[in-house]
Each structure stands twice: as C-alpha cells, then as structure tokens.
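Undergrad: Return atomic coordinates for the entry below.
(one chain, ligands or ions: 1)
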Amino acid sequence: MNLSPHFTLAEMLLSQDATRAGIANIPPPEVVTNLIRLATLLEGVRLVLGGHPISISSGYRCKKLNTLIGGSRTSQHMQGLAADFICPAFGTPRQICEQLLDMDFRFDQLIFEGAWVHISLSDIDAPLRNQMQTAVFKPGHKTQYLRGLL
Ligand SMILES: [Zn+2]
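TA: Numbering: from 1, shown residues only. You can find the predicted model right below:
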C-alpha cells in the first residue's frame, strides 16, 4: 500500500528488531491515517532535500516494539507521527537538519540523532511546535535532548 507517491506502508512498519523478537508491529486504522499525514510531510522533506530518496529506519512502533528498543514512553513513533531517516544522496544528518531549518520547514519536532534524523508531526488538532533538538548519547546514561542544533 502506498501512503504517498514515494512512501509505502511497508517501509513505515519494517523493523529488524520487531522481526527478530517476533513482534508483528501492525498499526490500528487511526495510526494508518497518521502515517498518511507523515508520508505527506516526508514528501515535503524529500523536495527540500533536492528530490533524493529518503531511507526510513524507523516509522511506526507498536508499544511492545517501542519498549523493546528503549524508546520514550510518549514516543510519537507509537502514534505513527514520527519517522527516523537518512538521505545519503543529499548529505549527512546534520546537513539535513540545517537544510530543513534554512528552508523554514514546518514540523512538530526535529531531532538530530547523530547517525539519523527524527522528524515528527503533532496530533491533527494540535499546533506544530517547530522544536529543534539534539540528542546527546553518553554510555551508561539516558539519552539527553538539548534545545537547538548543536
Ligand atoms: Zn525517532
């Protein structure tokens, strides 16, 4: 099933962690509706990045999968409102964040995660917060999220 011209439902559900753990990661209908909105957002990202292919490493996560991988308890991935991605043909994750900020691209949260970019939408009735954050990983500590692109 295509969610938009360049994004499929299958790529938003695919997770090696889920497969390995035998988790089905099947979204309820309201999540599919959100994933269609998310794919539309990603079409915009794709355009801003010169039309290069975007590779999704994590889209929807059912609660079980989110717990398994240590995701935040309020992760927008669980509502189908967030995606982690890279776009190597455009540039590094940092360059992707810089470009989205330079172009005044609208999002709920944009997180520079080092090796990938996390982008999210808000619930349909909530305003977009346009929050830019940088994830800081320290071994043995919880991931910290600091304001801005650091
Ligand atoms: Zn994410």
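Undergrad: Name the residues of the lengthiest helix in the chain that are buried.
TA: Longest among the helix segments of the chain by residue count, using DSSP state H, is helix 29-48. Taking 16 or more other C-beta atoms under 10 Å as the neighbour-count basis, helix 29-48 is seen to contain the buried residues 31-32, 34-39, 41-46, 48. All C-beta atoms are positioned from the backbone trio N, CA, C, and that covers glycine.
Undergrad: Likewise for stretch 65-72?
TA: Applying a neighbour-count criterion of 16+ other C-beta under 10 Å, one finds 65, 66, 68, 71 buried in stretch 65-72.
Undergrad: can that stretch be found next to the ion?
TA: No. Shown here: stretch 65-72 not in contact with the ion (C-beta under 5 Å from the ion), separated by at least 7.5 Å.
Undergrad: what's in contact with that stretch?
TA: Contacts of stretch 65-72 from elsewhere in the structure, counted by C-beta atoms under 8 Å, 6 or more residues apart in numbering, are 15, 17, 18, 21, 23, 25, 61, 75, 77, 78.
Undergrad: Please enumerate the helices of the chain.
TA: Counting by DSSP H, the chain has helices at residues 9-13, 16-21, 29-48, 63-68, 93-102.
Undergrad: Export these as CSV, with columns for mean pLDDT and distance to residue 139.
TA: Output for those, formatted as CSV (pLDDT from 0 to 100; distance: least, C-beta to C-beta, whole Å):
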stretch, mean pLDDT, distance to residue 139
helix 9-13, 98, 30
helix 16-21, 96, 20
helix 29-48, 98, 31
helix 63-68, 97, 20
helix 93-102, 98, 20
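Undergrad: Any chance of JSON lines for those helices, columns distance to residue 112?
TA: Output for the helices of the chain, formatted as JSON lines (distance: least, C-beta to C-beta, whole Å):
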{"stretch": "helix 9-13", "distance to residue 112": "21"}
{"stretch": "helix 16-21", "distance to residue 112": "22"}
{"stretch": "helix 29-48", "distance to residue 112": "14"}
{"stretch": "helix 63-68", "distance to residue 112": "21"}
{"stretch": "helix 93-102", "distance to residue 112": "5"}
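Undergrad: Now do the same contact list for residue 81.
TA: Under the criterion of C-beta under 8 Å, 6+ apart, the contact partners of residue 81 comprise 34, 37, 38, 108, 120, 121, 122, 123.
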